[in-house]
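Undergrad: Structural data only, the sequence is not supplied:
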């Protein structure tokens, strides 16, 4: 009997509210509300009658998540820029060994050529440096930073509570895709040993692409676990990766679009430092490799920095 009374009372209240809404034509329609996990989006109208959106964080949802010691995000994206610190000794034995046929090549003998393009058609002699006695220089490997894009897809990212959700272990699994856009006309020649030559063609696009499967592991600090939108977060740790594929892409008027796939003497394994810094939903990331980009000859240590977009 008590339940029936409560049901009738609820129906009366709802009916009265609907009647009042119908009677008062000046009363605006109730706003549309959408909730995506801890984000509440309210659609309404402002004073001028235009559609407006308001965003709120559901603190109850955040507190409910605190009951779980393991939290998972799917498909976290990074977008940033690449460059590297060059410690190569261009006059040292290591660099000379990287070009074992340079002495013969500089004296006019043919160098190994790529199967992707017939370099004999233009003559390898035209690729020699202006001063045939000098090898390539650091300026030959200069990058266009604004076009050397770093794009990462983390398939999942998990955070394991250590102490009161303020100190956590953060780890992920994903793909790191690095583009190195060269400002100068250098060309990688596939094969063993890999050679890099100064080309006679001006390229509108000249880049090296390297993709790794990586696992970062970081120690994470969260200042306000119950209010993610007002929390300061900092993470620092290490990352390990393995080279999945690499290729070069060159575009020029003389040759058109030329792609070459090879390992290009790139290091198969990659180990480095990784970090993350953010406030609320805005996060920045930075990576620095402790292993050189190339396996031998060149000592270039890549780094990347950019913005991190939260997953789902």
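TA: Perfect, I can see it now. Keep in mind it's a predicted model, so treat the numbers as computed, not measured.

Undergrad: So residue 151 is in contact with residue 78, correct?
TA: Yes - using Cβ atoms under 8 Å, residue 151 is in contact with residue 78, at 6.8 Å. Every residue, glycine included, has its C-beta placed from N, CA and C.

Undergrad: between the two, who's got more neighbours?
TA: In this view residue 151 and residue 78 are compared by other Cβ atoms under 10 Å, and residue 78 has more residues nearby, 23 against 17.

Undergrad: And the helices in the chain?
TA: 2-23, 59-65, 93-98, 102-106 (DSSP state H).

Undergrad: so what pLDDT did residue 144 get?
TA: pLDDT, residue 144: 96.

Undergrad: Residue 182 versus that one, what's the distance?
TA: 7 Å (Cβ to Cβ, to the nearest Å).

Undergrad: who has more neighbours, these two?
TA: Neighbour count, other Cβ under 10 Å: between residue 144 and residue 182, residue 182 has more, with 22 against 16.

Undergrad: how far away is the more buried one from residue 301?
TA: 17 Å.

Undergrad: what residues are up against residue 222?
TA: Residues in contact with residue 222 (Cβ atoms under 8 Å, 6 or more residues apart in numbering) are 165-168, 231-233.

Undergrad: switch the cut-off to 6 Å
TA: 166, 231, 233 (Cβ atoms under 6 Å, 6 or more residues apart in numbering).

Undergrad: right, and out of the residues you listed, which lies closest to residue 215?
TA: Checking the contacts of residue 222 against residue 215 by Cβ to Cβ gives residue 233 as the nearest, at 19.9 Å.

Undergrad: What is the neighbour count of that closest one?
TA: The number of residues packed near residue 233 is 19, by other Cβ under 10 Å.

Undergrad: what's the pLDDT at it?
TA: Reported pLDDT for residue 233: 96.

Undergrad: Quick one: distance of stretch 202-222 to the chain centre.
TA: 6 Å (Cα atoms, centre = their mean, to the nearest Å).

Undergrad: could you give me the average pLDDT of that stretch?
TA: Here the average pLDDT along stretch 202-222 is 97.

Undergrad: Please identify the buried residues of that stretch?
TA: Residues of stretch 202-222 classed as buried by neighbour count (16 or more other Cβ atoms under 10 Å): 203, 206-212, 214, 216, 218, 220-222.
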